[in-house]
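Participant: Structure for this input, please:
(2 chains)
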2 protein chains.
Amino acid sequence: MVDYFSKAISRMIAELSSLPGIGEKSAQRLAFHILHMPEDRVERLAEAIVEARKNVRYCKTCQTLTDQEICPICSNPKRNHKLIMVVEDSRDLAAYEKTGEYQGVYHVLHGAISPMQGIGPDDIRLKELMTRLSSKEVEEVIVATNSSLEGETTAMYISRLVKPTGIKVSRIASGVPVGGDLEYIDEVTLLRALEGRTEL
Amino acid sequence: MVDYFSKAISRMIAELSSLPGIGEKSAQRLAFHILHMPEDRVERLAEAIVEARKNVRYCKTCQTLTDQEICPICSNPKRNHKLIMVVEDSRDLAAYEKTGEYQGVYHVLHGAISPMQGIGPDDIRLKELMTRLSSKEVEEVIVATNSSLEGETTAMYISRLVKPTGIKVSRIASGVPVGGDLEYIDEVTLLRALEGRTEL
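Facilitator: Predicted coordinates for the structure are as follows:
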């Protein structure tokens, strides 16, 4: 497509622009930045990508992406292993870790139930969650799937699966984001915030 | 920094977020996309990056980044080699190539004169331009540096260098972008557009 650059450069641009969120313009900008980088730094970048991909696997316990059999969180004895937060993917886990406050462990579903997209309960890591709940002493399952139709459907499904085991199931709150201006918030969120009001 | 991902994943995220325009969030999104890509596609991506960087060099004639001694444009006999468009970098060349209308060749300066940043005439590929002008039969030099302070300074400088040789020097027009709404255009551009008006 971009034959005015030479072949190798065009190929790099094509490969970069195949990544999500990187259009042709950004790919070009990245490519020229890389061409100006020291060669050893470029090799380090490429190696980091290949290495990470080669060694990636799912944590045997929580199913997050990691390069060990058991991820750093699951193998940390200081975490509260009786508290499991269920998230849709590893990035959601990262988001909660960044708060620095959550002391429990996680379970990564790698998706959410979506009849529209043909994703059923068997297509996400629910079986692994149930196995975990039956074999270990767990006190509470916090469902932190997204606040979308799929996320809510999945939350409902999990609650119905877990309740019979006697383990407590909770759902993170929906509402107005902190710092959010009511004026710009959609009605569904406003109603949720109203329903979920707490006494002061 | 992100120790809740495993080492290899954190390293990839760190390497990706060192690229321009890629913050930590985007790096994370890219990283997880890459982790889900087939291994051979990841290797192809990494190889394309390393190969391009390894083989990159400056075209002996126009100084653009390429992987051959002479770039595809300079070695194309169908192009008008008597018409040289001077641009700041290879991406500007790409922008003009995309119009599909320009038939001349280019000269890439790799920068612009900027006293503020300590970039003088000797720091950009001006010498190479003058050598080109003295050795080959050139009819016109079109200065297409950016419409910024640095770009204008460079344009002025080039015009003073080239004029004594008797070769025609021109500057691309400044004005209101096509489709641009006057209301949202800065005053300097509006004044430029007025000054550069042409008879209908």
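Participant: Dump the longest helix anywhere in chain A to PDB, restricted to CA.
Facilitator: The residue-count maximum for a helix in chain A (DSSP state H) belongs to helix A:39-55. Extracted as PDB, the C-alpha positions of helix A:39-55 are listed here (Å, rounded to 0.1, in the frame of the first residue of the first chain):
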ATOM      1  CA  GLU A  39      19.300  -0.700  17.200                       C
ATOM      2  CA  ASP A  40      19.700  -2.500  20.600                       C
ATOM      3  CA  ARG A  41      16.700  -0.800  22.000                       C
ATOM      4  CA  VAL A  42      14.600  -1.900  19.000                       C
ATOM      5  CA  GLU A  43      15.800  -5.500  19.600                       C
ATOM      6  CA  ARG A  44      14.900  -5.300  23.200                       C
ATOM      7  CA  LEU A  45      11.400  -4.100  22.300                       C
ATOM      8  CA  ALA A  46      10.900  -6.900  19.800                       C
ATOM      9  CA  GLU A  47      12.300  -9.500  22.200                       C
ATOM     10  CA  ALA A  48      10.100  -8.400  25.000                       C
ATOM     11  CA  ILE A  49       7.100  -8.900  22.800                       C
ATOM     12  CA  VAL A  50       8.100 -12.300  21.600                       C
ATOM     13  CA  GLU A  51       9.200 -13.500  25.000                       C
ATOM     14  CA  ALA A  52       6.000 -12.400  26.700                       C
ATOM     15  CA  ARG A  53       3.900 -14.100  24.100                       C
ATOM     16  CA  LYS A  54       6.000 -17.300  24.200                       C
ATOM     17  CA  ASN A  55       5.800 -17.700  27.900                       C
END
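Participant: For the lengthiest strand in chain A, which residues meet the burial criterion?
Facilitator: If you go by DSSP state E, chain A has its longest strand at strand A:80-87. Under the neighbour-count criterion of 16 or more other CB atoms under 10 Å in any protein chain shown, strand A:80-87 has A:81, A:83, A:84, A:85, A:86, A:87 buried. Just so you know, the C-beta spots here come from the backbone N, C-alpha and C atoms, and that holds for glycine as well.
Participant: Same question for stretch A:182-189.
Facilitator: Neighbour count says stretch A:182-189 has residue A:189 buried, by 16+ other CB under 10 Å.
Participant: From the contact counts, what lies against the longest strand of chain A?
Facilitator: helix A:90-99, strand A:104-108, helix A:126-135, strand A:140-143 (3 or more CB pairs under 8 Å, 6 or more residues apart in numbering or on different chains; DSSP states H and E).
Participant: Relative to chain B, which of those is closest?
Facilitator: The closest of the helices and strands packed on strand A:80-87 to chain B is helix A:90-99. By CB to the nearest CB, the value is 4.2 Å.
Participant: and the closest one, how far from the chain's centre?
Facilitator: 7 Å (CA atoms, centre = their mean, to the nearest Å).
Participant: re earlier: would you turn the helices and strands packed on strand A:80-87 into a markdown table with distance to chain B?
Facilitator: Formatted as a markdown table, the helices and strands packed on strand A:80-87 follow (distance: least, CB to the nearest CB, whole Å):
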| stretch | distance to chain B |
| --- | --- |
| helix A:90-99 | 4 |
| strand A:104-108 | 9 |
| helix A:126-135 | 18 |
| strand A:140-143 | 17 |
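Participant: any idea which of these is most buried?
Facilitator: strand A:104-108 (a mean of 24; mean count of other CB atoms under 10 Å in any protein chain shown).
Participant: the inter-axis angle of that strand versus helix A:90-99?
Facilitator: For strand A:104-108 against helix A:90-99, the angle by axes from the mean of the first three to the mean of the last three CA atoms, to 10 degrees is 160 degrees.
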